[in-house]
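# Model the following, please.
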Amino acid sequence: MQKHYFLIFLICLTAGLANAQRILKGTVTENGTTIKLTNVFIRDNSNKQTAITDDKGNFEIKTEAGHIIIFDSPGYTSDTLYVVDLKPKNIQLEVKSIALREVSVTSSRQGQAFDPHKEYPEVYEKSKVYVLSPTTWFGKENRDARRMKKYFKTEAEERHVDEVFTRAYVSSIVPLKGQDLDDFMTIYRPSYSFVKGNDRQSLAVYINDSYKKYQNLPPEKRHLAHLPVSKDSLSLK
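Down below sits the predicted model:
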């Protein structure tokens, strides 16, 4: 009988270790600095698992050797990791030199509507809270799922702004091109609430008024070295 229980214990222990070995852990930082990046969205393209970094830039995701993992954060160039082993990783993301989401974020899904409910249904299922289930309140996967749900909401709103505040439309109103146009659109990018609450005519007035402000700026204030990422605006806690 004791041998029987020992065998069951050994099987459970082996299964537990095998499961633990499929977890990749690591930290995401800004390249060239010690800044740890929070709310970096992580997805395994092979098994469709998702994760998001915590307030210390740490992450863990279920994966296996041979899988491809993508790290994505507004204002940073997406990075791809080919999983060779499951040793802890330090991922460094490059700050984008051009801040336009129209070019840098949505280009990989051009022509595709962003539907996180369809792409990541498990996130919405895990984000639910049940009164009689404490794990749905305090479990790490559940808490991360709720943060990812907020991330998806923010991403959907920003993509809606992208659809309206385009380079083609803005350049049809103001006489700017190239980097000047990119910087202008970065500085005066409208909020989602403004776009949602106003029509195209109001947006044209906003762009004209913004261009007048742009002309009154000192030359050195009209150009951006890179996207100034606001940690407060990206906080999804």
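# helices and strands around the longest strand anywhere in the chain, which ones?
Criterion DSSP state E: the longest strand present in the chain is strand 23-30. With contacts taken as 3 or more C-beta pairs under 8 Å, 6 or more residues apart in numbering; DSSP states H and E, strand 23-30 sits against strand 58-62, strand 89-93. Bear in mind the C-beta positions are built from the backbone N, C-alpha and C, glycine included.
# Pipe these into TSV and attach mean pLDDT and mean neighbour count per row.
Formatted as TSV, the helices and strands packed on strand 23-30 follow (pLDDT from 0 to 100; neighbours: other C-beta atoms under 10 Å):
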stretch	mean pLDDT	mean neighbour count
strand 58-62	94	18
strand 89-93	95	16
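# Which one of the ones you listed lies nearest to residue 52?
Of all these, the one in closest proximity to residue 52, counting by C-beta to C-beta, is strand 58-62 (7.1 Å).
# now the next helix-or-strand element following the closest one against strand 23-30, angle please.
Using DSSP states H and E, the next helix or strand after strand 58-62 towards the C-terminus is strand 68-72. Angle of strand 68-72 versus strand 23-30, following axes from the mean of the first three to the mean of the last three C-alpha atoms, to 10 degrees, is 40 degrees.
# Tell me how far strand 68-72 lies from the chain's centre.
Counting by C-alpha atoms, centre = their mean, to the nearest Å, strand 68-72 is centred 10 Å from the centre of its parent chain.
# correct me, but residue 207 touches residue 170?
Yes: in this structure, residue 207 is within contact of residue 170 by C-beta atoms under 8 Å, at 5.9 Å.
# Check which helices and strands the strand or helix carrying residue 183 is in contact with.
Here residue 183, judged by DSSP H and E, is contained in helix 178-187. Secondary-structure packing of helix 178-187 (3+ C-beta pairs under 8 Å, 6+ apart): helix 167-171, helix 200-216.
# mind redoing it with 10 Å?
Packing partners of helix 178-187 (3 or more C-beta pairs under 10 Å, 6 or more residues apart in numbering; DSSP states H and E): helix 101-104, helix 167-171, helix 200-216.
# Let me know the average pLDDT across the second one.
For helix 167-171, the mean per-residue pLDDT is 95.
# what do you get for the first one?
Helix 101-104 comes out with an average pLDDT of 44.
# Which parts of this structure belong to which domain?
Listed by automatic domain parsing, the domain ranges of the chain are 17-95, 167-229.
# Please dump those domains into TSV; it should also carry distance to residue 129 for every row.
Listed next are these as TSV, based on distance: least, C-beta to C-beta, whole Å:
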stretch	distance to residue 129
domain 17-95	18
domain 167-229	26
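# Of all these, which one is nearest residue 128?
Proximity to residue 128 (C-beta to C-beta) singles out domain 17-95 among these, at 16.0 Å.
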